[in-house]
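K.L.:
Need the 3D shape of this:
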Amino acid sequence: HAALVQQFTQQLQQAVHRRVHNFYYAPQTEPSSTGSAAVPPVGVLFSGGIDSVVLAALVHHALPAGVPIELINVAFENPRTARSADVYRVPDRVAGKESYDELRELFPTRVWKFICVDVPRAELEAMREHIRSLIAPLRSVLDDSIGCALWFAAGGRGLLTDGT
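P.N.:
Numbering: from 1, shown residues only. Here you go, the predicted model:
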């Protein structure tokens, strides 16, 4: 079994490396304010679960040291917490913050950015049918949830936080 695990790990590393390098080394068209080429960050949709943590770590290993990695964490307003101080304190946000701290400890030389994308319930409901029309396959609640998270993460609207 060890050989299969090693083969799987190598293939996953190669896949992430290819994907990151195809994006990262594409020609940059937007210079920074100093006139030199900007160093664009790379983003990871980040729930804080084992899958997104592993992907973030693999992206870390695939990129040069100076490239920031943005961990984009989407939280949908939870009506069950409407009376609490933070209606976006949902399991993915809590796990995301904890995993962000772990990544900073494991890889302290990397610039990690934790971006909170808060989605009000009314906005989710207003966009949900359109988003669902774009998702394939759409066979489960998980397909719907991930599709909605991708939609709002791609919107480029979020709050850069220190993870607290």
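K.L.:
Point me to the helix or strand that includes residue 71.
P.N.:
Residue 71 is part of strand 69-76, with elements assigned from DSSP states H and E.
K.L.:
who's in contact with whichever helix or strand comes after that strand?
P.N.:
The helix or strand immediately downstream of strand 69-76 is helix 91-106, counting by DSSP H and E. By C-beta atoms under 8 Å, 6 or more residues apart in numbering, the residues outside helix 91-106 that reach it are 46-49, 52-53, 56-57, 60, 71, 73-75, 110, 112, 114, 116, 163-164. Just so you know, the C-beta spots here come from the backbone N, C-alpha and C atoms, and that holds for glycine as well.
K.L.:
With stretch 137-153 instead?
P.N.:
43, 45, 47, 72, 74, 76, 117, 119, 124, 127-128, 131-132, 134-135.
K.L.:
gap between that stretch and the chain center?
P.N.:
14 Å (C-alpha atoms, centre = their mean, to the nearest Å).
K.L.:
List the buried residues in that stretch.
P.N.:
Residues of stretch 137-153 classed as buried: 147-153 (neighbour count, 16 or more other C-beta atoms under 10 Å).
K.L.:
Among the contacts of helix 91-106, name the buried ones.
P.N.:
Counted by 16+ other C-beta under 10 Å, the contacts of helix 91-106 give 46-48, 52-53, 56-57, 60, 71, 73-75, 110, 112, 114, 116, 163 as buried.
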